[in-house]
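K.L.:
need a 3D model of the following:
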Amino acid sequence: QVQLVESGGGSVQAGDSLRLSCAVSGRTLHGYVMGWFRQGPGEAREFVAAVFWTGGNTFFADSVKGRFTISRDSAKNTVYLQMNSLKAADTGLYYCAAGRDSNVPNPRGYSSWGLGTRVTVSS
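P.N.:
Next up, the predicted model:
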(Lines give C-alpha, C1' and ligand atoms only; values in the text may rest on other atoms or scores of the structure.)
Protein backbone atom coordinates (compact mmCIF):
# COMPACT_ATOMS: atom_id res chain seq x y z
CA GLN A 1 0.00 0.00 0.00
CA VAL A 2 1.25 3.44 -0.93
CA GLN A 3 0.93 6.31 1.56
CA LEU A 4 0.80 9.87 0.27
CA VAL A 5 1.14 13.16 2.17
CA GLU A 6 0.64 16.47 0.41
CA SER A 7 2.04 19.83 1.52
CA GLY A 8 2.69 23.30 0.16
CA GLY A 9 -0.80 24.70 -0.19
CA GLY A 10 -1.71 28.20 0.88
CA SER A 11 -3.48 31.45 0.11
CA VAL A 12 -1.98 33.57 -2.66
CA GLN A 13 -2.87 36.33 -5.09
CA ALA A 14 -3.62 35.79 -8.76
CA GLY A 15 -0.37 35.64 -10.70
CA ASP A 16 1.61 34.15 -7.81
CA SER A 17 3.27 30.75 -7.70
CA LEU A 18 3.11 27.76 -5.36
CA ARG A 19 4.89 24.43 -5.28
CA LEU A 20 3.02 21.45 -3.92
CA SER A 21 4.85 18.38 -2.66
CA CYS A 22 3.68 14.81 -2.28
CA ALA A 23 5.79 12.59 -0.05
CA VAL A 24 5.41 8.92 -0.94
CA SER A 25 6.08 5.90 1.25
CA GLY A 26 5.10 2.27 1.53
CA ARG A 27 6.56 0.66 -1.57
CA THR A 28 8.67 1.21 -4.63
CA LEU A 29 6.98 3.13 -7.40
CA HIS A 30 8.30 1.32 -10.46
CA GLY A 31 5.45 1.15 -12.95
CA TYR A 32 3.30 3.67 -11.10
CA VAL A 33 1.75 6.84 -12.41
CA MET A 34 1.55 9.74 -9.96
CA GLY A 35 -1.26 12.20 -10.44
CA TRP A 36 -2.47 15.50 -9.07
CA PHE A 37 -6.20 16.19 -8.94
CA ARG A 38 -8.15 19.10 -7.52
CA GLN A 39 -11.64 19.71 -6.29
CA GLY A 40 -13.18 23.15 -6.11
CA PRO A 41 -16.13 24.06 -3.90
CA GLY A 42 -19.20 22.22 -5.11
CA GLU A 43 -17.32 20.70 -8.03
CA ALA A 44 -16.25 17.22 -9.04
CA ARG A 45 -12.65 16.11 -8.64
CA GLU A 46 -10.73 16.96 -11.80
CA PHE A 47 -7.43 15.85 -13.27
CA VAL A 48 -4.58 18.38 -13.17
CA ALA A 49 -1.32 16.60 -14.07
CA ALA A 50 0.43 13.25 -13.96
CA VAL A 51 3.91 11.80 -14.31
CA PHE A 52 5.02 8.23 -14.90
CA TRP A 53 7.49 7.35 -12.18
CA THR A 54 9.46 5.21 -14.61
CA GLY A 55 10.45 7.26 -17.63
CA GLY A 56 9.08 10.58 -16.45
CA ASN A 57 6.44 11.13 -19.16
CA THR A 58 4.11 13.95 -18.14
CA PHE A 59 0.50 14.86 -18.87
CA PHE A 60 -1.49 18.00 -18.15
CA ALA A 61 -5.05 19.20 -18.23
CA ASP A 62 -5.60 21.83 -20.91
CA SER A 63 -6.49 24.37 -18.24
CA VAL A 64 -3.00 24.25 -16.70
CA LYS A 65 -0.77 23.63 -19.71
CA GLY A 66 2.02 26.18 -19.91
CA ARG A 67 1.52 27.22 -16.27
CA PHE A 68 2.01 24.03 -14.22
CA THR A 69 4.82 21.51 -14.28
CA ILE A 70 5.06 18.13 -12.56
CA SER A 71 8.23 16.36 -11.56
CA ARG A 72 9.44 13.56 -9.31
CA ASP A 73 12.54 13.11 -7.22
CA SER A 74 13.38 9.43 -6.97
CA ALA A 75 15.94 9.98 -4.22
CA LYS A 76 13.39 11.72 -2.02
CA ASN A 77 10.36 9.68 -3.15
CA THR A 78 8.53 12.94 -3.71
CA VAL A 79 6.37 14.33 -6.48
CA TYR A 80 6.10 18.07 -7.07
CA LEU A 81 3.54 20.27 -8.74
CA GLN A 82 4.94 23.70 -9.61
CA MET A 83 2.08 26.10 -10.21
CA ASN A 84 2.81 29.45 -11.85
CA SER A 85 0.56 32.31 -12.96
CA LEU A 86 -2.15 31.11 -10.62
CA LYS A 87 -5.75 32.09 -11.29
CA ALA A 88 -8.82 32.21 -9.07
CA ALA A 89 -10.09 29.21 -11.03
CA ASP A 90 -7.16 27.17 -9.65
CA THR A 91 -8.64 27.38 -6.15
CA GLY A 92 -9.40 24.02 -4.59
CA LEU A 93 -8.24 21.07 -2.56
CA TYR A 94 -5.32 19.42 -4.33
CA TYR A 95 -4.86 15.68 -4.01
CA CYS A 96 -1.91 13.49 -4.85
CA ALA A 97 -2.70 10.01 -6.13
CA ALA A 98 -0.83 6.86 -7.14
CA GLY A 99 -1.95 4.13 -9.50
CA ARG A 100 -0.99 1.73 -12.25
CA ASP A 101 -3.61 2.60 -14.87
CA SER A 102 -2.36 4.25 -18.06
CA ASN A 103 -5.59 6.26 -18.43
CA VAL A 104 -4.07 9.04 -16.36
CA PRO A 105 -6.95 11.56 -16.25
CA ASN A 106 -9.37 9.01 -14.78
CA PRO A 107 -9.41 9.16 -10.97
CA ARG A 108 -10.70 5.58 -10.87
CA GLY A 109 -7.30 4.44 -12.10
CA TYR A 110 -5.62 5.52 -8.88
CA SER A 111 -5.63 3.22 -5.88
CA SER A 112 -3.98 5.46 -3.27
CA TRP A 113 -4.84 9.03 -2.33
CA GLY A 114 -3.56 11.63 0.07
CA LEU A 115 -5.78 13.82 2.23
CA GLY A 116 -5.16 16.93 0.14
CA THR A 117 -3.67 20.39 0.56
CA ARG A 118 -5.74 23.51 0.06
CA VAL A 119 -4.92 26.22 -2.47
CA THR A 120 -6.79 29.52 -2.43
CA VAL A 121 -6.13 32.09 -5.13
CA SER A 122 -7.60 35.57 -4.72
CA SER A 123 -8.19 37.75 -7.75
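
K.L.:
gap between Arg72 and Asp16?
P.N.:
Arg72 sits 24 Å away from Asp16, taking CB to CB, to the nearest Å as the criterion. Every residue, glycine included, has its C-beta placed from N, CA and C.

K.L.:
can you give me phi and psi for Ala88?
P.N.:
When read as degrees, to the nearest 10, the backbone of Ala88 gives phi -60, psi -30.

K.L.:
wait, isn't it in contact with Val121?
P.N.:
Yes. Ala88 is in contact with Val121 according to CB atoms under 8 Å; the separation is 5.1 Å.

K.L.:
now do the shared contacts for the two.
P.N.:
In the contact map built from CB atoms under 8 Å, 6 or more residues apart in numbering, the residues linked to both Ala88 and Val121 are Ala14.

K.L.:
the more surrounded of these two?
P.N.:
Comparing Ala88 with Val121 by other CB atoms under 10 Å, the one with more neighbours is Val121, at 20 against 11.

K.L.:
check whether the more buried one really touches Lys87, as I assumed.
P.N.:
Yes. Judged on CB under 8 Å, Val121 makes contact with Lys87 at a distance of 6.2 Å.
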